[in-house]
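Engineer: Predicted coordinates and the sequence they were generated for:
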Amino acid sequence: MSRNDSGVVYYGKVRTGKRVRIWPPAMIGFPLYDFDKAAKVAKVTTIDEGTEILPFTMICQGAQIGADVGIDEYSRIGCNTLIGDGSRVVYGASIHDNVVIGKKSIVGGFCCDCSRIGNRTTMFGDLVHKYPRHAIDDWDNMQFPCKPSPHIGDDVIIGFNAIVVGNVRVANRAFVGAGVIVTRNVPQNTRLVRRSETVSSPIR
């Protein structure tokens, strides 16, 4: 069941707080997988007060968007994803299912299913699963339940086009430079500026 309100299409149960602004066109509560099953589950999509959603955005069923969040145009928020108060999703971000983003973070790029981003973190790279093989014929089994996913701590900076692969932890206050490929854990207060070199220094 859907309803169209001046170019914003709502699916299922959607709850919005005060001062929420949604610019058309947009889809809110979209049941990404099985429409019939989604109707039975009837998860509530929540958008808290003061949040603004710009045009051409899709927010999937069960997402919980906190207060005073900004979501730029052409962004995608997956099913059951949580975004903390005061965070910003920037132009064209692709955030997939069961992702958790903390408070006052800025997120762009790509976030795979079940990835985690802490508070006050800037993430402009890609958080991706580690795939051991081509999986087009086994895609659903590869995705559910969630594969081990990147976990980004608090006060972290992930630079533009950096890639964090698989079950990797980037600890609090770490810095990952633009274009770096991360395949191992990054300790807290560490700068990773080249793939082959890690320099430990406090972030000021």
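Structural biologist: Perfect, I can see it now. Numbering: from 1, shown residues only.
Engineer: in this structure, which segments are predicted with low confidence?
Structural biologist: Applying pLDDT under 70 to the chain flags residues 1-4, 33-42, 135, 137-145, 195-204.
Engineer: quick one, helices of it?
Structural biologist: Ranges of helices in the chain, per DSSP state H, are 35-41, 139-143.
Engineer: tell me the contacts of the most centrally placed residue in the chain?
Structural biologist: The centroid of the chain falls nearest to I95 when counting by CA atoms, centre = their mean (3.4 Å). Applying CB atoms under 8 Å, 6 or more residues apart in numbering, we find I95 in contact with S75, R76, I77, G78, T81, I83, V89, I101, V107, C111. For glycine as for every other residue, the C-beta is placed from the backbone atoms N, C-alpha and C.
Engineer: Any idea what L192 is bridged to?
Structural biologist: Assessed by DSSP bridges, L192 has beta-bridge partners V176, T198.
Engineer: From G177, how far off is it?
Structural biologist: According to CB to CB, to the nearest Å, L192 and G177 sit 7 Å apart.
Engineer: neighbour-wise, which of these two wins?
Structural biologist: Using other CB atoms under 10 Å as the criterion, L192 and G177 rank with L192 on top: 23 against 17.
Engineer: Surely that one is in contact with V180?
Structural biologist: Yes. Applying CB atoms under 8 Å as the test, L192 and V180 come out as touching, 5.6 Å apart.
Engineer: Mutual contacts of the two, please.
Structural biologist: If you check L192 and V180 against CB under 8 Å, 6+ apart, no residue is contacted by both.
Engineer: circling back: what sits closest to the residue nearest to the centre of the chain if chain neighbours are left out?
Structural biologist: Spatially, and ignoring its direct neighbours in sequence, I95 is nearest to C111 (4.5 Å; CB to CB, 6 or more residues apart in numbering).
Engineer: Give me the neighbour count for that neighbour.
Structural biologist: 32.
Engineer: My understanding was that it contacts L127; is that so?
Structural biologist: Yes. Proximity of C111 to L127 meets the contact threshold set by CB under 8 Å, at 4.9 Å.
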